[in-house]
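Enquirer: No letters, just coordinates:
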């Protein structure tokens, strides 16, 4: 009696090995979680302040599009930090970035419609496209070129009559790749030339290293009506559990359509919206240090990986992930084995097998996503365990 | 470039007249909102306590199915108050009751499948069914019989090959009707005889008056595998903005399917789950007084309506709504006129036209939903304005 689509909905590849981690923990093994994007960075007090001091008598429904205070805070941030021309009326608050992706796909894609996404991509895009009944057409990229985009002709050759949208994510989850301005412009122009939407998931907007500048696709204002931003406070303010995300668009018809989806779920959580608004107000007290910390962790990861025989990655440019190629045939088997059969002093390391981040069957089988969400000591320890695990896995009897 | 389903998604009938209310307010008119289910009851301190004292360093993702503390609190409440045999593993936490309905419909209905729902029904069922692509087949009920169910044969005659589920809501939004145990058993048996799911929206479970006992459909345990409860803390603890809801089911296959939908949105808001858990712990300090207050308001509403010429309702039995028949041809026109053209001492009253609560086109045109979510003084004032408005509307030149 389960619906066909319910049966066919893919399980989260990030979460499906959790039972093995739970079993390892039950045996007394400490598991270093490099498999999920849950940072150990302390949530800043300025997020908690308005939550702790929420003084309204009634914890009531807010507007379906979010409270005016937060919509203005988000618009002001984009105006001040990125010189964009964005008004609060162009900001829609969602229950996490995941709902932003869901509402966007619902509002723009009919069943069987296609959306182009560079692969590997955030695994939940797969689940959400499946919920909506749309098909992801992957744009292949490779570790060898740091997961940067192929030439425009190659991408345009993937456009069909069913194609309605392009979705990019930069800085990227899972690869850590930061698209160049030229690459982003190329994608915008492909969208313009083929009359497509272009969605840009910018939840890691500030997470760029080596002194590079980050930006937003909204700067390409000649394509203003077809551009939509997906955003979230989860990573920016280490507030994954707040479930506050954003859609930003100048397209009024799209906004009003999304509003109908928003009304069907009434409103995003009320209290956290005040926390998030405070986050944008105090961002400069927090973001530079956090980015510095992630850049340092990135250096640690790259340095350690360089010492591992047969492991390959280019130096990640942003976010807090990297996809590494492993000297194994099937990374899912290896990741599972690390949980079921391996430990160093009762500790082991968990990665996310990369297969689930690809749309093309068979791709990414020897790759894994590594999230550097732990502080340096834990990170070095977990990577040494990974190194020893790889050696043991490849030299077992 | 908007998707067909995005274009066709109905706007919330409860929210679509809001612009006229906003215009009235901009003219300095006070609007009594009897149109929405947002109570003025103070959210109890025991909900805010754990929110104000949330002491974790990182506001992190929780489990997709909700935190163990709240799942146990919900299960314990059902065991203790209703002698049900429910374990925490049978409780799934959703982001509000609306997400519970969405996940359930996704997991059990294919596009074009049918779900039977007594009409009038909660308007968001319409939106959510439209999102999922399923069709609601209304079971007609009428104000004349207090919106109680028709005979079983009449209901079974609506079952087709496409029918997969029945959804009931008791105490009911929008009618205030409380189904008798006999009626609920009849629906369970129809589900059993026709191999259907039976979903029971019990968010108003405690909201029953005149000393009647409330219960849960889960007591009919011979149908355990096909029964699913939808629940929420929104009304029970006057915490609509918390966005914490529940699915309770003994069906493991359904639970695991819903878990996949849950993983695609990561988790419900973390902090409010602690507030909700505290709510169940302290429920006896709060619920009896709140129910008494609503019962009193119900009496006030009924007393006032009895004095209105040509207005008809039976005495509501539960929840905090009633659907009233008005001496007008088109209640939407009347509700709008009350906002645009009428006031008493710069105050007016807003109802929800009932058309949007019906699945059968044309039904409910002379009806409106009235939510008695205001304290007695405001309620009497708003109802007097309604009375004068009706007279003026029917005697204008």
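Expert: Noted; the coordinates are in hand. Just so we're clear, the structure is a prediction, and the values are computed from it rather than from any experiment. Residues are numbered from 1 along each chain as shown, chains lettered A, B, ... in the order given.

Enquirer: Tally up the residues packed near the residue lying closest to residue A:120 once chain neighbours are set aside, please.
Expert: Using CB to CB, 6 or more residues apart in numbering or on different chains and skipping residues adjacent in sequence, the residue nearest residue A:120 is residue A:357, 3.7 Å away. C-beta coordinates here come from the backbone N, C-alpha and C atoms, glycine included. Residue A:357: 26 surrounding residues under other CB atoms under 10 Å in any protein chain shown.

Enquirer: ok, which residues in the stretch 51-200 of chain A are in contact with chain B?
Expert: Selection of the stretch 51-200 of chain A residues close to chain B by CB under 8 Å from any CB of the partner chain yields A:51-54, A:57-62, A:64, A:95-96, A:98-99, A:102, A:106-111, A:113, A:124, A:127-128, A:131, A:164, A:195, A:197.

Enquirer: One more pass at 6 Å, please.
Expert: A:52, A:57-62, A:95, A:98, A:107-110, A:124, A:127-128 (CB under 6 Å from any CB of the partner chain).

Enquirer: Make a ChimeraX selection of the buried ones in these.
Expert: Remark: buried members of these, expressed as a ChimeraX selection using 16 or more other CB atoms under 10 Å in any protein chain shown:
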select /A:58,59,60,61,62,95,98,107,108,109,110,124,127,128
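
Enquirer: quick one, what contacts the residue of the stretch 51-200 of chain A found nearest chain B?
Expert: Residue nearest to chain B within the stretch 51-200 of chain A (CB to the nearest CB): residue A:127, separated by 3.8 Å. If you count contacts by CB atoms under 6 Å, 6 or more residues apart in numbering or on different chains, residue A:127 has them with A:10, B:264.

Enquirer: Now do the strands in chain A.
Expert: In chain A, the strands defined using DSSP state E lie at A:30-33, A:91-94, A:114-119, A:135-140, A:163-169, A:197-201, A:227-232, A:245-249, A:321-325, A:347-350, A:352-353, A:367-371.

Enquirer: partners of the longest one in the sheet?
Expert: This means strand A:163-169. Sheet pairing for strand A:163-169, assigned by DSSP bridges, gives strand A:114-119 (parallel), strand A:197-201 (parallel).

Enquirer: Report the contact partners of the residue nearest to the spatial centre of chain A.
Expert: Compute the mean C-alpha point of chain A, and by CA atoms, centre = their mean the closest residue is residue A:173, 4.5 Å away. Going by CB under 6 Å, 6+ apart, residue A:173 touches A:122, A:319, A:321.

Enquirer: The second one and residue A:175 touch, don't they?
Expert: The reference is to residue A:319. No. Counting by CB atoms under 6 Å, residue A:319 stays clear of residue A:175, with 8.0 Å between them.

Enquirer: Neighbour count for those two, which is higher?
Expert: Higher neighbour count among residue A:319 and residue A:175: residue A:175, with 31 against 28, using other CB under 10 Å.

Enquirer: Quick check: the residue of the stretch 101-250 of chain A nearest chain B.
Expert: For the stretch 101-250 of chain A, CB to the nearest CB, closest residue to chain B: residue A:241, 3.1 Å.

Enquirer: so how far is residue B:61 from that residue?
Expert: According to CB to CB, to the nearest Å, residue A:241 stands 6 Å off from residue B:61.

Enquirer: what do you get for residue A:287?
Expert: Look at residue A:287 and residue B:61: by CB to CB, they are 21 Å apart.

Enquirer: again, but for residue A:65
Expert: 24 Å.

Enquirer: From residue B:189, how far out is residue A:184?
Expert: Using CB to CB, residue A:184 is found at 60 Å from residue B:189.

Enquirer: With neighbour numbers in mind, choose between the two.
Expert: residue A:184 (21 against 16).

Enquirer: What residues does that one make contact with?
Expert: residue A:217.

Enquirer: where in the stretch 251-397 of chain A is pLDDT low?
Expert: Low-confidence segments of the stretch 251-397 of chain A (pLDDT under 70): A:397.

Enquirer: That one: helices as residue ranges?
Expert: Along the stretch 251-397 of chain A, counting by DSSP state H, counting those that start in this stretch, helices occupy A:252-264, A:270-281, A:287-306, A:331-340, A:376-394.

Enquirer: circling back: mind putting the strands paired with strand A:163-169 in a markdown table, distance to residue A:248, mean pLDDT and mean neighbour count included?
Expert: Shown next, in a markdown table, are the strands paired with strand A:163-169 (distance: least, CB to CB, whole Å; pLDDT from 0 to 100; neighbours: other CB atoms under 10 Å in any protein chain shown):
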| stretch | distance to residue A:248 | mean pLDDT | mean neighbour count |
| --- | --- | --- | --- |
| strand A:114-119 | 19 | 98 | 24 |
| strand A:197-201 | 9 | 98 | 25 |
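
Enquirer: doesn't residue A:85 make contact with residue A:218?
Expert: No. Counting by CB under 6 Å, residue A:218 sits too far from residue A:85 to count as a contact (8.3 Å).

Enquirer: Give me the common contacts of the two.
Expert: With the criterion set as CB under 6 Å, 6+ apart, the contacts of residue A:218 and residue A:85 do not overlap.

Enquirer: Between the two, which is the more surrounded one?
Expert: For the pair residue A:218 and residue A:85, the greater number of neighbours falls to residue A:218 (23 against 13), based on other CB under 10 Å.

Enquirer: Which residue comes closest to that one once chain neighbours are left out?
Expert: Nearest non-adjacent residue to residue A:218, counting by CB to CB, 6+ apart: residue A:84, 4.9 Å away.

Enquirer: For residue B:396, see how far away that neighbour is.
Expert: As judged by CB to CB, residue A:84 and residue B:396 stand 50 Å apart.

Enquirer: List the residues that contact whichever residue of the stretch 251-397 of chain A sits closest to chain B.
Expert: Nearest residue of the stretch 251-397 of chain A to chain B (CB to the nearest CB) works out as residue A:270 at 3.1 Å. Contact analysis of residue A:270 by CB under 6 Å, 6+ apart lists A:62, B:241.

Enquirer: quick check: domain ranges of chain A?
Expert: Using automatic domain parsing, the domain ranges for chain A come out as A:4-42+A:287-394, A:46-284.

Enquirer: any chance of the contacts of residue A:173 in JSON lines, with distance to residue B:38 too?
Expert: Shown next, in JSON lines, are the contacts of residue A:173 (distance: CB to CB, whole Å):
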{"residue": "A:122", "distance to residue B:38": "35"}
{"residue": "A:319", "distance to residue B:38": "40"}
{"residue": "A:321", "distance to residue B:38": "41"}
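
Enquirer: ok, the closest residue to residue A:121 other than its chain neighbours - contacts?
Expert: What sits nearest to residue A:121 in space, not counting adjacent residues and going by CB to CB, 6+ apart, is residue A:357, at 6.1 Å. Shown in contact with residue A:357 (CB under 6 Å, 6+ apart): A:120, A:123, A:174.
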